[in-house]
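J.: No letters, just coordinates:
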Ligand code: NDP
Ligand code: MG
Ligand code: MG
């Protein structure tokens, strides 16, 4: 069984004499920087000149410098700018990394696919909270934490794992529990999950269901409710108590229908398609495509995004969420700012 690390397994003193530069102050950056600082770690935020995040970081009481200045003063550099800009930011700060410094990530893409190739004398670690940044911050302030992953890609100092655990403790993850993985496993499972199941799989399933009903003459409003809106209720039940909690909560009719017809929709062909998606993740085909896309001003990405925005289900859903009170109630549950 997988070992789970908690607060007692992590020694925060490993970071006591290290300055941590947090590059980027977005979703993860603002949470890591503030949680680490509140945990007593010496933190400096690195932001480019004219950065729109600078005011926010300063208002939160943090010292802000350029990425180069921050990296030069730091012993641990946490790279929390978007994955697509990390290679360029790394190039700018590379010379500031000394032997024994630690380069820290929250996702393995650029290391695993060779877009960043750090000197062997530098530790390369990952602490990846399994949660959006605003929850990383919000749970920390409540004295709780979100689960996380740690990984070590390069251990130059012999204590890279201890440093990752200490960092995970500083951001609050060891309060909930942390498991160890590798950069390869984290990257490949993360990409596969978001493509085949979570972001890609779920949205295609919803759109195909919606279109099937609308094409058969049913009203778009009904199709939206049945194929999109109710998804959250089902997923919440599975999140809380697993598949059986969900099956036990729906009607026997829904259970029998789902257990028999679900496999007709997501069938052996779909499984083979998933294996093909996984292959493209494993052999780097997806990574190469996405890197090229970014180097050429994202032509396909822009087109696909526009088509998604123009889909009828967005129109119908937008109108219904305005009309019904639940849309407003849900917005209020998510704090605009932490
Ligand atoms: P964001 O998109 O939220 O990062 C935005 C920050 O990066 C801003 O402070 C922005 O500042 C800065 N930035 C953007 N472009 C540049 C640039 N060219 N040079 C310098 N700074 C720049 O990133 P995330 O927090 O989403 O992701 C950070 C890392 O965390 C990624 O590796 C991601 O995979 C990982 N991760 C993200 C999760 C999430 O929930 N979002 C979950 C787990 C891991 P400016 O104002 O200057 O634009
Ligand atoms: Mg991802
Ligand atoms: Mg129903």
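T.: Perfect, I can see it now. Note that the structure is predicted; figures quoted are calculated from it, not measured. Ligands and ions are numbered 1, 2, ... in the order given.

J.: gap between the nearest residue to residue 116 once chain neighbours are set aside and ligand 1?
T.: For residue 116, ignoring the flanking residues on the chain, the nearest one in space by Cβ to Cβ, 6 or more residues apart in numbering is residue 110 at 4.4 Å. From N, CA and C alone the C-beta is placed, and that goes for glycine too. Note on residue 110: its distance to ligand 1, by Cβ to the nearest ligand atom, to the nearest Å, is 8 Å.

J.: which SS class is residue 110?
T.: helix (DSSP: H, G, I helix; E, B strand; the rest coil).

J.: and what of the one 10 residues further on?
T.: Secondary structure for residue 120, judged by three-state DSSP, is coil.

J.: what sits up against stretch 303-320?
T.: Here stretch 303-320 makes contact (Cβ atoms under 8 Å, 6 or more residues apart in numbering) with 203, 206-207, 210, 214, 220-221, 223-225, 227-229.

J.: Is it possible to mark the buried ones in those?
T.: Applying 16 or more other Cβ atoms under 10 Å to the contacts of stretch 303-320, the neighbour count classes 206-207, 210, 214, 220, 223-224, 227-229 as buried.

J.: Those residues: which two are farthest apart?
T.: Pairwise distances among the buried ones among the contacts of stretch 303-320 were taken by Cβ to Cβ; the largest, 14.8 Å, belongs to 214 and 229.

J.: on that earlier part again, what is the nearest of the contacts of stretch 303-320 to ligand 1?
T.: Ranked by distance to ligand 1 (Cβ to the nearest ligand atom), the contacts of stretch 303-320 are led by residue 203 at 17.6 Å.

J.: Which of the helices or strands spans the closest one?
T.: Element membership for residue 203 (DSSP states H and E) is helix 199-215.

J.: and that helix with ligand 1, contact?
T.: No. Helix 199-215 lies out of reach of ligand 1 by Cβ under 6 Å from any ligand atom, never closer than 12.2 Å.

J.: In that helix, which residues are buried?
T.: Under 16+ other Cβ under 10 Å, the buried positions of helix 199-215 are 201, 205-207, 209-210, 213-214.

J.: Could you work out the end-to-end span of stretch 99-117 for me?
T.: By Cα to Cα, to the nearest Å, the extent of stretch 99-117 from end to end equals 14 Å.

J.: next one: it to chain centre, how far?
T.: 16 Å (Cα atoms, centre = their mean, to the nearest Å).

J.: which regions of this protein sit below the pLDDT cut-off?
T.: Along the chain, the model assigns pLDDT under 70 to residues 326-338.

J.: Report the closest residue of it relative to ligand 2.
T.: Among the residues of the chain, residue 190 lies closest to ligand 2, at 4.4 Å counting by Cβ to the ion.

J.: what residues are up against that residue?
T.: Residue 190 neighbours (Cβ under 8 Å, 6+ apart): 107-108.

J.: What of residue 234?
T.: 246, 250.

J.: And residue 164, by the same measure?
T.: 104, 125-127, 150-152.

J.: please redo it, this time with the cut-off set to 10 Å
T.: Listed by Cβ atoms under 10 Å, 6 or more residues apart in numbering, the contact partners of residue 164 are 5, 10, 14, 76, 102, 104, 123-127, 148-152, 155, 178, 180.

J.: for residue 80, same thing?
T.: With Cβ under 10 Å, 6+ apart, residue 80 has these contacts: 21-33, 45-46, 86, 89, 104-107, 133.

J.: Those residues: which ones sit near ligand 1?
T.: Okay, of the contacts of residue 80 touching ligand 1 (Cβ under 6 Å from any ligand atom), that's 24-29, 89, 106-107, 133.

J.: At the contact with ligand 1, which residues of the protein appear?
T.: Neighbours of ligand 1 within the chain, by Cβ under 6 Å from any ligand atom: 24-29, 47-48, 51-53, 80-83, 85, 89, 106-107, 128-129, 132-133.

J.: switch to 8 Å and redo it
T.: 23-30, 46-48, 50-54, 67, 79-83, 85-86, 88-89, 105-107, 109-110, 128-133 (Cβ under 8 Å from any ligand atom).

J.: rewinding a little: so which of the contacts of residue 80 belong to strands?
T.: 21-23, 45-46, 104-105 (DSSP state E).

J.: Save those as JSON lines, and put in neighbour count too.
T.: Shown next, in JSON lines, are the ones in strands among the contacts of residue 80 (neighbours: other Cβ atoms under 10 Å):
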{"residue": "21", "neighbour count": "29"}
{"residue": "22", "neighbour count": "32"}
{"residue": "23", "neighbour count": "29"}
{"residue": "45", "neighbour count": "31"}
{"residue": "46", "neighbour count": "33"}
{"residue": "104", "neighbour count": "25"}
{"residue": "105", "neighbour count": "26"}
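
J.: Which of those sits closest to residue 270?
T.: Residue 270 lies nearest to residue 105 out of those, by Cβ to Cβ, at 32.2 Å.

J.: Quick one: residues contacting the residue in the chain that ligand 1 sits nearest to.
T.: Using Cβ to the nearest ligand atom, the closest approach of the chain to ligand 1 is made by residue 26 at 2.0 Å. Contact partners of residue 26, counting by Cβ under 10 Å, 6+ apart, are 52-53, 56, 80-82, 133.
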